[in-house]
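[1] Return a 3D structure for these sequence lines:
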Amino acid sequence: MENENPFDHSQIDDVIHGRLRLGVMAYLSSASPAIFGELRDKVGATDGNLSTHLKKLEEAGYVRQEKRFVGKKPQTRIFLTDSGRKAWLEWIDQMRGLMDAAE
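    Got it, this is the predicted structure:
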C-alpha cells in the first residue's frame with residue numbers, strides 16, 4: 001500500500017498554478033475556443049501580460065492559438081488542448097486532495 005502524504009504539493013503543476021494562467025485555464029475549460037479580447041477581459045489582464053502567459057501555456061502544450069482574419073480584422077482564438085484539459089483536471093484533483101486533507 002502506498003504511503004501518500006495528503007499535503008504533498010510537489011506534483012502541483014506550476015505552469016497552471018500561476019494566478020493569471022489559472023484563470024485562463026479555468027475559463028478555457030468551459031469556453032474553448034475563446035477570442036483573445038474576450039479572454040483578456042474575463043481574466044482581467046493586459047494584452048501584453050496575457051500574451052506572455054499564453055506563450056508559457058502554449059509551450060507546455062496546454063493551449064493552442066489560431067490566428068485568422070474576420071473580414072479585414074485579425075482575430076486570435078485560443079483553444080484548450082487535450083493535454084491541457086488533462087493537466088487542468090489533474091490540478092483540480094490535487095487541489096481537492098489538499099483541501100480534503102486540511103478539513
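[2] Show residues contacting the longest helix anywhere in the chain.
    The longest helix of the chain (DSSP state H) is helix 82-102. With Cβ atoms under 8 Å, 6 or more residues apart in numbering as the test, helix 82-102 has contacts from 6-7, 9, 11-13, 15-17, 25-26, 28-29, 57, 60-63, 80. (Each C-beta comes from the backbone N, C-alpha and C, glycine too.)
[3] Just want the most central residue of the chain.
    In the chain, the centroid-proximal residue (Cα atoms, centre = their mean) is M25; its distance is 2.3 Å.
[4] tell me the contacts of that one?
    By Cβ under 8 Å, 6+ apart, the residues touching M25 are I16, L57, Y62, L80, G84, A87, W88, W91.
[5] State the distance from the third one to E103.
    Okay, so that is Y62. Using Cβ to Cβ, to the nearest Å, one gets 30 Å for the distance from Y62 to E103.
[6] In terms of neighbours, single out the busier of these two.
    Y62 (26 against 4; other Cβ atoms under 10 Å).
[7] ok, the closest residue to that one other than its chain neighbours to P6 distance?
    Take Y62 and drop its neighbours on the chain: the residue closest to it by Cβ to Cβ, 6 or more residues apart in numbering is G84, 3.3 Å away. Here G84 is placed at a distance of 26 Å from P6 (Cβ to Cβ).
[8] what about the strands in this structure?
    In the chain, the strands defined using DSSP state E lie at 34-35, 63-70, 73-80.
[9] nearest to T46, of these?
    When the strands of the chain are compared by Cβ to Cβ, strand 73-80 sits nearest T46, at 14.9 Å.
[10] contacts for the closest one?
    24-25, 28-29, 32-36, 39, 54, 62-69, 88.
[11] tell me which residues in it are buried?
    For strand 73-80, burial by neighbour count (16 or more other Cβ atoms under 10 Å) applies to T76, R77, I78, L80.
[12] Repeat that for stretch 28-35.
    L28, S32, P33, A34.
[13] Least confident of these?
    Ranked by pLDDT, the buried residues of stretch 28-35 bottom out at S32 (85).
[14] Name the nearest residue to that one, ignoring sequence neighbours.
    With sequence-adjacent residues excluded and distances taken as Cβ to Cβ, 6+ apart, S32 is closest to L80, at 4.1 Å.
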